[in-house]
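Visitor: coordinates for the following, if possible.
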Amino acid sequence: MAEMRLLYFIPTLLNHGGMERVLTSKVNYLVDKMGYRITIVTTDQMSRGCYFSLSEKVDLIHLDLDFNSHFEKALILKYFSHQLKMIKYKKEVQKLVDIIKPDILISLGGKEIDFIYKLKTNAAIVCEMHFSMNIRTQFLVSRKRGLLWTVLGNIRTNQLKNTTKKVDKLIVLTNQDKNQWGKTHQNVLHIPNPATFEVRKRENEDYKTVISVGRLDPQKGYSMLIDTWVRVQEKHPEWILNIFGTGDLKEQLEGKINALGLKGNINSKGKSDEIENEYLKSSFFVMSSLYEGLPMVLLESMSCGLPVVSFDCEWGPREIITNGYNGFLVETGDVNQLADKICQMIENPELRTTMSLNALEVAKKYDISIVMKKWDALFKELKNSNVSA
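Guide: Below is the predicted model of the structure:
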């Protein structure tokens, strides 16, 4: 088969989030191990660096449209600014498609999903959805209060449902997502994220440290996790919670930690370039997200042998965590239950050890070599279908 050419779209590779880590790991594997030719297009990079190491064989094109610059504008100004940038974005993408002539276009569910199916191209079109179906509603209502934002979020969610019906394949990360999307879509395929860390057992399991990793934004529910820790430290003041991540809520969350007298019990550590070592120096992982896709932090932490206590948010955690086997699932938003399960994990070292071994076994199922065989098979199938069409 002739060389396969892929064109990926992502807002930026500057961030240290799960989506950026996954994309980087996957394209590195495809170009270095499988001989693919890959170009990544960004809209909001606004800098030439990438947080995660990217193979020199991958081509990068930065359009610098800066969609984020109008996010805080008044609604009507935001709308018109957004529409103008979308017109420019579509024109620039069409030019790239005409030059590169890719076999497959892959959107990670960003703004290009609204027009990618309208492009003049023979390429197959794939949407790789890293969040649940109602992500657009969740995104708005977690940041803006009121009926207007709920209505707008629902409108945007319906737009997403309609546009994703028009791509050749909609890739979702969990079986729950597949079942949900499958009620309205005929093009759904489940391929999970790969684990990006090599599975390795911790040398010491006696750390009195709990770790959480994620952006400091409303989605991750860190304000509730801080409330949870009030209850945890009353029983176990010697245990420490380390939160790794950066974001808009950093000052607000640190202020809350100080106001509750939890400084030292909770440490806001910022981002770490050696997060794998931080997992290995922790006893278990806690996640308080209000919504997720297939959270990379769960795969990363389990690859390091960490059991997990997590809100059972849509949809990712229940795909990876079997309640009582490799962690605990808690009703989303139930701070008391979250505190109870954290305390149960703290008070039962033998349970932690058993769950740690189970976590390692679960992580092995997400080895990158296994996952990328599925992507390779899909890409070849789509290319062959287009050639024979």
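
Visitor: show the subsequent helix or strand relative to the helix or strand containing Val232.
Guide: Applying DSSP states H and E as the criterion places Val232 in helix 222-235. Of the helices and strands lying after helix 222-235 in sequence (DSSP H and E), the nearest is strand 240-244.

Visitor: next, the angle from that next one to helix 222-235.
Guide: Here strand 240-244 runs at 160 degrees with respect to helix 222-235, directions being taken by axes from the mean of the first three to the mean of the last three Cα atoms, to 10 degrees.

Visitor: just the residues contacting strand 240-244, thanks.
Guide: With Cβ atoms under 8 Å, 6 or more residues apart in numbering as the test, strand 240-244 has contacts from 208-214, 216, 222, 225, 229, 232, 253, 264-272, 275, 278, 282, 286. Every C-beta, even on glycine, is put in place using the N, C-alpha and C of the backbone.

Visitor: what residue ranges in the stretch 51-200 of the chain score low on pLDDT?
Guide: When residues are selected by pLDDT under 70, those of the stretch 51-200 of the chain lie in 71, 134-143.

Visitor: helices of that one, start to end?
Guide: 75-100, 135-141, 147-164, 175-181 (DSSP state H, counting those that start in this stretch).

Visitor: please apply the same query to the stretch 201-350 of the chain.
Guide: Secondary structure of the stretch 201-350 of the chain, counting by DSSP H, counting those that start in this stretch: helices at 222-235, 250-259, 275-280, 296-303, 317-320, 335-347, 349-364.

Visitor: angle of the fourth one against strand 240-244?
Guide: Right, helix 296-303. Using the same axes, to 10 degrees: helix 296-303 against strand 240-244 is 130 degrees.

Visitor: which elements pack onto helix 296-303?
Guide: Helix 296-303 sits against helix 18-33, strand 209-213, helix 275-280, strand 284-287, strand 308-311, helix 317-320, helix 349-364, with contacts defined as 3 or more Cβ pairs under 8 Å, 6 or more residues apart in numbering; DSSP states H and E.

Visitor: so can I have JSON lines of the ones you listed showing distance to Gly110?
Guide: Converted to JSON lines, those look like this (distance: least, Cβ to Cβ, whole Å):
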{"stretch": "helix 18-33", "distance to Gly110": "10"}
{"stretch": "strand 209-213", "distance to Gly110": "23"}
{"stretch": "helix 275-280", "distance to Gly110": "25"}
{"stretch": "strand 284-287", "distance to Gly110": "24"}
{"stretch": "strand 308-311", "distance to Gly110": "26"}
{"stretch": "helix 317-320", "distance to Gly110": "23"}
{"stretch": "helix 349-364", "distance to Gly110": "28"}
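
Visitor: nearest to Asn258, out of the ones you listed?
Guide: Across the helices and strands packed on helix 296-303, Asn258 has its closest neighbour in strand 209-213 (18.1 Å, Cβ to Cβ).

Visitor: what strands flank the closest one, and is each parallel or antiparallel?
Guide: strand 240-244 (parallel), strand 284-287 (parallel) (DSSP bridges).

Visitor: tell me the most buried of these?
Guide: Neighbour counts (mean count of other Cβ atoms under 10 Å) averaged over each of the strands paired with strand 209-213 peak at strand 284-287, with a mean of 26.

Visitor: quick one: average pLDDT of it?
Guide: Mean pLDDT, computed over strand 284-287, is 98.

Visitor: so where is the stretch 201-350 of the chain shaky, pLDDT-wise?
Guide: Scanning the stretch 201-350 of the chain for pLDDT under 70 picks out nothing.

Visitor: doesn't Phe311 make contact with Pro317?
Guide: Yes - using Cβ atoms under 8 Å, Pro317 and Phe311 qualify as a contacting pair, with a distance of 7.0 Å.

Visitor: give the contact list for Pro349.
Guide: Applying Cβ under 8 Å, 6+ apart to Pro349 gives the contacts 205-206.

Visitor: distance check, the residue nearest to Glu314 when sequence neighbours are not counted against Glu292.
Guide: Closest residue in space to Glu314, ignoring its immediate chain neighbours: Ser132 at 4.6 Å, by Cβ to Cβ, 6 or more residues apart in numbering. Distance, Ser132 to Glu292, by Cβ to Cβ, to the nearest Å: 8 Å.
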